[in-house]
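> Predicted model and sequence follow; I will ask about them next.
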Amino acid sequence: MTRKATDFDLRLGRRIREVRLSHGLTQDELGKIAGVTFQQIQKFENGHNRVSPERLDRISKKLNVPVGVFFGEFEKSLAKPRPVYAEDTIRLASEIHKLPNARIVKSMIHLTREVGAAWKEKSSPE
């Protein structure tokens, strides 16, 4: 029998995804941190499987964020506050995931980091 995802499971899954994306991690990378497969991370993020408190604690410690980030206000709980555009980030990650090979994906990640660094440099006071 398949368990129906609750509203809580769905909200928690969205928080896990937001935290993962804010740290620039793939599902595979977060899976290695959490000690599970990327498929399990997908199930957590989609609310299909429940995440144990121990696993959330492990993830929060490895990512250096308070465990409350998964339950409270996302932006206020991050150690280093910054604007988060979750829907755009998820959409971008989804499109990058569809790219045909790993080399192109790595190039896109590099490009994104370079644009971010240039933007940060441009917007910092002189």
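That came through fine.
> R15 against G68, yeah?
No. If you go by CB atoms under 8 Å, R15 and G68 don't touch, sitting 10.1 Å apart. For every residue, glycine as well, the C-beta is placed using N, CA and C.
> who has more neighbours, these two?
The neighbour comparison of R15 against G68 (other CB atoms under 10 Å) goes to R15, with 20 against 11.
> and the more buried one, what helix or strand is that in?
helix 7-22 (DSSP states H and E).
> Let me know the average pLDDT across that helix.
The pLDDT scores in helix 7-22 average 90.
> Does anything pack onto it? Which helices or strands?
helix 27-34, helix 38-45, helix 53-63, helix 74-77, helix 86-97 (3 or more CB pairs under 8 Å, 6 or more residues apart in numbering; DSSP states H and E).
> Repeat the analysis, applying 6 Å as the threshold.
When contacts are defined as 3 or more CB pairs under 6 Å, 6 or more residues apart in numbering; DSSP states H and E, helix 7-22 packs onto helix 38-45.
> and the helix it packs on, what does it pack onto?
Using 3+ CB pairs under 6 Å, 6+ apart, helix 38-45 sits against helix 7-22, helix 27-34.
> And the contacts of it?
By CB atoms under 6 Å, 6 or more residues apart in numbering, the surrounding residues in contact with helix 38-45 are G13, I16, R17, Q27, D28, L30, G31, N49, V51.
> any chance of the residues you listed in CSV, plus neighbour count and distance to L99?
Below are the contacts of helix 38-45 laid out as CSV (neighbours: other CB atoms under 10 Å; distance: CB to CB, whole Å):
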residue, neighbour count, distance to L99
G13, 23, 24
I16, 24, 23
R17, 21, 19
Q27, 21, 15
D28, 12, 15
L30, 24, 20
G31, 19, 20
N49, 18, 27
V51, 22, 29
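> related to what we said a few turns ago, and the helix holding R15, which residues are buried?
D9, L12, G13, R14, R15, I16, R17, E18, V19, R20, L21, S22 (16 or more other CB atoms under 10 Å).
> Let's see that helix as PDB, backbone CA atoms only.
Extracted in PDB, the C-alpha atoms of helix 7-22 (Å, rounded to 0.1, in the frame of the first residue of the first chain):
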ATOM      1  CA  ASP A   7       1.100  18.600   3.800                       C
ATOM      2  CA  PHE A   8       3.900  18.400   6.300                       C
ATOM      3  CA  ASP A   9       5.900  15.900   4.200                       C
ATOM      4  CA  LEU A  10       5.500  18.200   1.200                       C
ATOM      5  CA  ARG A  11       6.600  21.300   3.000                       C
ATOM      6  CA  LEU A  12       9.600  19.500   4.600                       C
ATOM      7  CA  GLY A  13      10.600  18.200   1.100                       C
ATOM      8  CA  ARG A  14      10.500  21.700  -0.300                       C
ATOM      9  CA  ARG A  15      12.700  23.000   2.500                       C
ATOM     10  CA  ILE A  16      15.200  20.200   1.900                       C
ATOM     11  CA  ARG A  17      15.300  21.100  -1.800                       C
ATOM     12  CA  GLU A  18      15.700  24.800  -1.000                       C
ATOM     13  CA  VAL A  19      18.500  24.200   1.400                       C
ATOM     14  CA  ARG A  20      20.200  21.800  -1.100                       C
ATOM     15  CA  LEU A  21      19.900  24.300  -4.000                       C
ATOM     16  CA  SER A  22      21.100  27.200  -1.800                       C
END
